[in-house]
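S.K.: curious how this folds, go ahead:
(one chain, ligands or ions: 2)
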Amino acid sequence: MQKLKDFMVLGEKEENQLRQNFVSASRNSDFQTLIRTLPVSEDVLMKYTSLLEDASKELGHCLSCKGLSSCGNSVCGYRFQPKVENGVHPTLQFEYVACPFLQKKLKEEAYLDNIEMFQVAKSLRKASIADIKTDDKERLQILRYFKQFLDHYDEEEKPKGLYLYGSFGTGKTYLIAALLNELARRGVRSAMVYYPEFLRGLKESFDLDYKEKFSFVKKVPVLLLDDIGAEAASVWGRDEILGSILQFRMEEGLPTFFTSNLTLEELEEHLATAGKSVEKVKARRIVERIRYMSIAIPLISKNRRKGKENA
Ligand code: ADP
Ligand code: MG
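M.R.: Ligands and ions are numbered 1, 2, ... in the order given. Predicted coordinates:
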């Protein structure tokens, strides 16, 4: 938008003052570098001396910058800079533009928008297949499966997920997170859901929020239900939530991954004790769905967590 001062006819005294300020600012080499890039006359430039000085300071920082961590500009990763607007009278507009370092970072991290995280550690965003050590045969088997999964994901019939079980801290969640990160890089959307918290949150959330979250998790192309079996057992959680999620995903052929401290037999027992009476049939039906939808692999190895936590 053109401003009033762009059209103002200046008095001789004012014009001399503007010119003096401009000449004085032009002694600075960054200022010179900046104005050389602007295809407008000095008469236009001198109306913006003070803003051009701010912009040239930022340009100076950028010219000697090594990366975002040493950014000296007023808004990290952005440069305050002028742009010529060619209207009836050429004018300058000033704007904050993301620098090449920030642009590169944003581009590199854009894939993360493909993963929705529900109460899982943010550090899982960094999990990477390349960092998985194949020091045991289960992990090697899982990596082979990941390769197959990635190779065949685009096919009409999607590959099955995994049911990874084993004691606390063996890297189950990390492994699946690494696969989902790789899928995200390839443009596949997914969700990582810490199941016990998700269930608790769902119970407490309002109607609309509840419907949205529930429907999202049901329909997301790839899902991780993390730590299934660690939730407080309830008939509602088992039949209304878990049952419906699995039913929908099974019918639609949507890959679903699970991690658990429990074997499938133990999970069945856990789910059976949800009601007042032991409901073996309902629990068995859920576990049958999990068996149908996923391949169960045990992960037994040393605890990778720092400190001495217990399951
Ligand atoms: P689990 O889900 O089996 O309880 P986690 O996936 O939470 O275990 O892993 C336990 C810890 O070890 C986490 O802090 C995780 O970041 C780390 N970890 C697991 N696998 C790896 C790996 N391959 N490389 C680096 N850190 C790992
Ligand atoms: Mg875990």
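
S.K.: any idea how far residue 112 is from residue 185?
M.R.: 9 Å (Cβ to Cβ, to the nearest Å). From N, CA and C alone the C-beta is placed, and that goes for glycine too.

S.K.: over to residue 15?
M.R.: Distance from residue 15 to residue 112, by Cβ to Cβ: 53 Å.

S.K.: check residue 57 too.
M.R.: 33 Å.

S.K.: how about the contacts made by residue 221?
M.R.: By Cβ atoms under 8 Å, 6 or more residues apart in numbering, residue 221 lies in contact with 188, 189, 190, 254, 255.

S.K.: only whichever of these are buried, select them in ChimeraX.
M.R.: Of the contacts of residue 221, the buried ones go into a single ChimeraX selection, burial set by 16 or more other Cβ atoms under 10 Å:
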select :188,190,254,255
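
S.K.: out of the contacts of residue 221, who's nearest residue 23?
M.R.: Closest approach to residue 23 among the contacts of residue 221 (Cβ to Cβ): residue 189, at 57.3 Å.

S.K.: just to revisit the earlier point, let me have the contacts of residue 221 in JSON lines, extended by secondary structure and pLDDT.
M.R.: Converted to JSON lines, these look like this (DSSP: H, G, I helix; E, B strand; the rest coil; pLDDT from 0 to 100):
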{"residue": "188", "secondary structure": "coil", "pLDDT": "97"}
{"residue": "189", "secondary structure": "coil", "pLDDT": "97"}
{"residue": "190", "secondary structure": "strand", "pLDDT": "98"}
{"residue": "254", "secondary structure": "coil", "pLDDT": "98"}
{"residue": "255", "secondary structure": "coil", "pLDDT": "98"}
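
S.K.: could I get the contacts of residue 221 in JSON lines, plus columns for distance to residue 197?
M.R.: Below are the contacts of residue 221 laid out as JSON lines (distance: Cβ to Cβ, whole Å):
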{"residue": "188", "distance to residue 197": "24"}
{"residue": "189", "distance to residue 197": "21"}
{"residue": "190", "distance to residue 197": "18"}
{"residue": "254", "distance to residue 197": "22"}
{"residue": "255", "distance to residue 197": "22"}
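
S.K.: domains of the chain?
M.R.: The record's domain split for the chain, according to automatic domain parsing, is 4-105, 109-299.

S.K.: residue 42 contacts residue 22, correct?
M.R.: Yes: when contacts are counted by Cβ atoms under 8 Å, residue 42 is listed as touching residue 22 (6.9 Å).

S.K.: compare those two (neighbour count), which wins?
M.R.: residue 22 (20 against 12; other Cβ atoms under 10 Å).

S.K.: SS state for the more buried one?
M.R.: Classification of residue 22 by DSSP: H, G, I helix; E, B strand; the rest coil places it in helix.

S.K.: measure the spatially most central residue of the chain to residue 97 for me?
M.R.: Geometric centre of the chain, nearest residue: residue 112, 3.1 Å, by Cα atoms, centre = their mean. Distance of residue 112 to residue 97, computed by Cβ to Cβ: 23 Å.

S.K.: any regions of this protein where pLDDT drops low?
M.R.: Applying pLDDT under 70 to the chain picks out residues 1-9, 302-311.

S.K.: which stretches of it form strands?
M.R.: 78-86, 90-98, 115-118, 161-165, 190-194, 222-226, 256-260, 294-298 (DSSP state E).
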